[in-house]
Each structure stands twice: as C-alpha cells, then as structure tokens.
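Give me a 3D structure for the following:
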Amino acid sequence: MENSRGQKQERYEAKRTLTIKVGYWASFLTLVFAAICMFLLDITTIVPYCFLGFSIANLINVLALKKHNNLILSFNLATLLSLATALIVTWFTGGIESPFIFVLAIVVFAGYATTGPRGKLYLYLSVALILLVYSNDVLKFLPVNNAVPETSSATFALLSILLSVYLMGGVLAKNLLKAHIDLYKSKMETEQQIKEKETLLREVHHRVKNNLQTVSSLLSLQSRSVEDPKMKSLLKSSQNRVISMAMVHEMLYMREDLSRIEYKTYVQELSEYLVRSVKGAENKVKLNIDIPDIKLGIDTAIPLGLLINEALTNALKYGIREDNEGEINIALKKEADEDYILNIGDNGVGFSNQVDHKTTRSLGLKLIHNLARQLKGTITRDESKVGTNYIVKFREIGQQQHLNPVA
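Numbers count the residues shown, from 1 in each chain. All right, here's what the predicted structure looks like:
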C-alpha cells in the first residue's frame, strides 16, 4: 500500500513538473509571437493582444499552481485558455484556411497528456470549434476580417507551423518522454524494492519456521528423558502447539503470497499430523474437513490454528479414547457480513456441561476459549451433536490490529 501511494505521488510530481515547464514555454513563445506579429508582421488588431493576454494569464496560472498545488484546476484552466486563444487567432487569421488552426490539435494532445480521460471532452470541444469556424466561413453568419496583411500571410503561416511543430515535438513530446522515462525508472526501482522485501520476508518466515522446529525438537528430546506420563503428555502438547505455528510460517514462505495462506491445506496437514502424533500411524480416526478456498492472514491463521490444535488434541485424547473408532469434523465458512464460522468437534464421549473453562484445570479448554477471545469472536458448544462440538464465530484480524497475548 505504501508503495502504491509512493508511485501515485511520483506520477503526480511528474505531471506537476511537466505542467510547469510546458506552461513557462507556452507563455514565453506566445509572448515572442505577439511581439513578432505587432512589430515585424504589421498585425495591429486583436491577434497580438490575444497572444499577450494568453501569455500573461497562463503565466499567472503556472505561478498559482505552485501556491495551491491543484493540478486538475491548473490543467483545465490552461487547456481552456489555449482553446480560447487558438479559436480567436484562427478566427481572425483566415478562418478554416488559417495555419494556426493546427494549434487546436496540439491543445487536444496536451489535454490528453495532462488531464487523461478528460482529454475526450477537449477533443469533442475542439472538433465543435473547428466546425464552427468552417460554418462561419461558408455561411458568413458572423463576418470577420482577416487581421493578417497580404504581405505577411506567408510569414505568419510559416511561424504558425513552426510554433505548432515546436510545441508538439520540442516541448510537449520532450517533456512527456522525460516524464515517462522518470516514471519507468521509478517503477523499476519500486519493483526491485518490493522483490527485495519479499525475499527478506520469505527468509524471515523460513528462519522463524526453522527456529520453531528447533524448539519442537528440544521439547521432543526433553520428553524422552521424562518418565512421568503427565509431564510427557504436557511436553508433547507443547510440541504440537509449536508445530502448529511453524506450519503457518512454512506455508507462507513456500507460496507466492507471503501474507495469506490457503487455510484448507493448512488445516488438512495440521489435522493429519495431530492424528498421527496422538493415535499413531495406524488408527481408526476419520477426518471430515469442509473448508472452501479461503485465505487468511497470519494474524488470524496462527491463533485459529492454535485453537484447532487444542480442540483436536482434546478430541483425540479424551473424546475418542484409546483405539476406538471416531470421527472429527472441521468446517469453516465465510458469512456475507465478513464473519467466519468454524464448526469443530468429534463424535466421542464428550464431557459434562457442568465443566467449563472457568472452573476446569484443563489448559486445553482454557486456551480454546482464550484464543476465541483473541480472535475477537465467540465460542459456544453445539449441544445438538454427539460428543464435543464447538461453534466459533470470528472476524479476520486486520494487519493494523495487534494481537493480545493468550492469557
């Protein structure tokens, strides 16, 4: 998002610089043209004064842009001034046969270059003005005298064409090309920075996963030297919690999207690992996973993964006892109002309604409820099903929100 804002700012600054440069050149050239018309071509009526008026008004517009910094306003004022000046000069220098009429086309080009989609409006307006000039030449509904003396007409035509060519190739095209090159360089630099950040983030996820796996291995080694079954079970549960987090980071660095993971794949891998870990490779537990193509960010994926880990561990240890057959059901769906609903549970023996997370000494049950709270959600038991089943409603945690530690 920050890169996007930076690119927009760079494009804005490029357009602003282009507008100021073209504005200064246009004011200078029209001022020179006004002086040539008046003192060298003997054009003494309206045309030189029109050039002079445009030069002053356009210069004021450019200077005002530096104050108010409103490009859209400056673009439109400059384009309208140019259209009005070009129309008046064309009207009084030969009408449809005036060589200055080509400046109208340059105004349209400048309108497209500076105002983007609004350039169409100036295109249609220029076409309408040209048709108006042509209609007046044919119908003579507004008689206008040509202000250019016969002796100066060829020179005026030459200067008009040179002005058009210079504005198009020497000013507009040059500055547009420079702005395009600057933007292209900026885009390439931004893309390079994004790639470097993605590589760094991928490396971070990889290192975090490796560190978590190291912690898991240490817990596993520690459990081998412990004889007490309860302590052994606690160490194994801690190891599984660490692995559930490591899986998230592993999936993040192995995929293109470094901020969100495909949750169905994650839940499938986590569930199969837990079943093997608790019940062994040969077991009678059936996994029913119903999750559509949902991607979740890391701030949601980790606490939700821990919640699923605790619910499945409890189901495998206490719900589906010993080597009995059993089913574990996990379903995740997204509601229309951006909420998610997780249904998770087993068809085992269940436990009494009198036991809750506030009174029990079970760490797993306390974690399930605390993780639901961390997800800014609610958790309720589904009494309509056999065994222990939960309904968890939550909303994805945004990147701007900070997770509270699990109490």
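
isn't Lys232 right next to Gln222, touching?
No: contact criterion CB atoms under 8 Å: Lys232 and Gln222 do not qualify, at 9.4 Å. For the C-beta atoms, the positions are set from N, CA and C on the backbone; glycine is no exception.

Output the contacting helices and strands for the biggest helix by length in the chain.
The helix that spans the most residues within the chain, counting by DSSP state H, is helix 173-224. Using 3 or more CB pairs under 8 Å, 6 or more residues apart in numbering; DSSP states H and E as the contact test, the elements touching helix 173-224 are helix 2-39, helix 229-254.

which one of these has the most crowded surroundings?
Comparing the helices and strands packed on helix 173-224 by mean neighbour count (mean count of other CB atoms under 10 Å), helix 229-254 comes out on top with a mean of 18.

continuing past it, what's the next helix or strand?
strand 260-262 (DSSP states H and E).

Could you report the neighbour count for Asp323?
By the criterion of other CB atoms under 10 Å, Asp323 has 12 neighbours.

Repeat that for Ala154.
11.

Next: Leu287.
With other CB under 10 Å as criterion, Leu287 counts 15.

Let me know the pLDDT of Gln7.
At Gln7, the predicted lDDT confidence score is 59.

how does this structure divide up, domain by domain?
2-192, 248-395 (automatic domain parsing).

any idea how far the shortest one is from the chain center?
What that stands for is domain 248-395. From the chain centre to the centre of domain 248-395 is a distance of 32 Å (CA atoms, centre = their mean, to the nearest Å).

Okay, buried residues for stretch 92-105 please.
For stretch 92-105, a neighbour-count test (16 or more other CB atoms under 10 Å) marks 92-96, 98-104 as buried.

could you dump those residues to a markdown table with secondary structure, pLDDT and distance to Thr380?
Listed next are those as a markdown table, based on DSSP: H, G, I helix; E, B strand; the rest coil; pLDDT from 0 to 100; distance: CB to CB, whole Å:
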| residue | secondary structure | pLDDT | distance to Thr380 |
| --- | --- | --- | --- |
| Phe92 | coil | 92 | 83 |
| Thr93 | coil | 92 | 84 |
| Gly94 | coil | 90 | 85 |
| Gly95 | helix | 90 | 83 |
| Ile96 | helix | 90 | 81 |
| Ser98 | coil | 90 | 82 |
| Pro99 | helix | 88 | 82 |
| Phe100 | helix | 87 | 80 |
| Ile101 | helix | 85 | 77 |
| Phe102 | helix | 81 | 76 |
| Val103 | helix | 80 | 74 |
| Leu104 | helix | 76 | 72 |
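
Quick check: the two most widely separated of these?
Using CB to CB, the buried residues of stretch 92-105 span at most 16.0 Å, a distance reached by Phe92 and Phe102.

residue farthest from the centroid of the protein?
Thr151 (61.2 Å; CA atoms, centre = their mean).

Just the pLDDT for it.
pLDDT at Thr151 comes out at 91.

Relative to Cys37, how far out is it?
13 Å (CB to CB, to the nearest Å).

Repeat that for Gly350.
In terms of CB to CB, Gly350 sits 98 Å off from Cys37.

re the thing from before, quickly, which of the helices and strands packed on helix 173-224 bottoms out on average pLDDT?
In terms of average pLDDT, helix 2-39 trails the rest of those, at a mean of 77.
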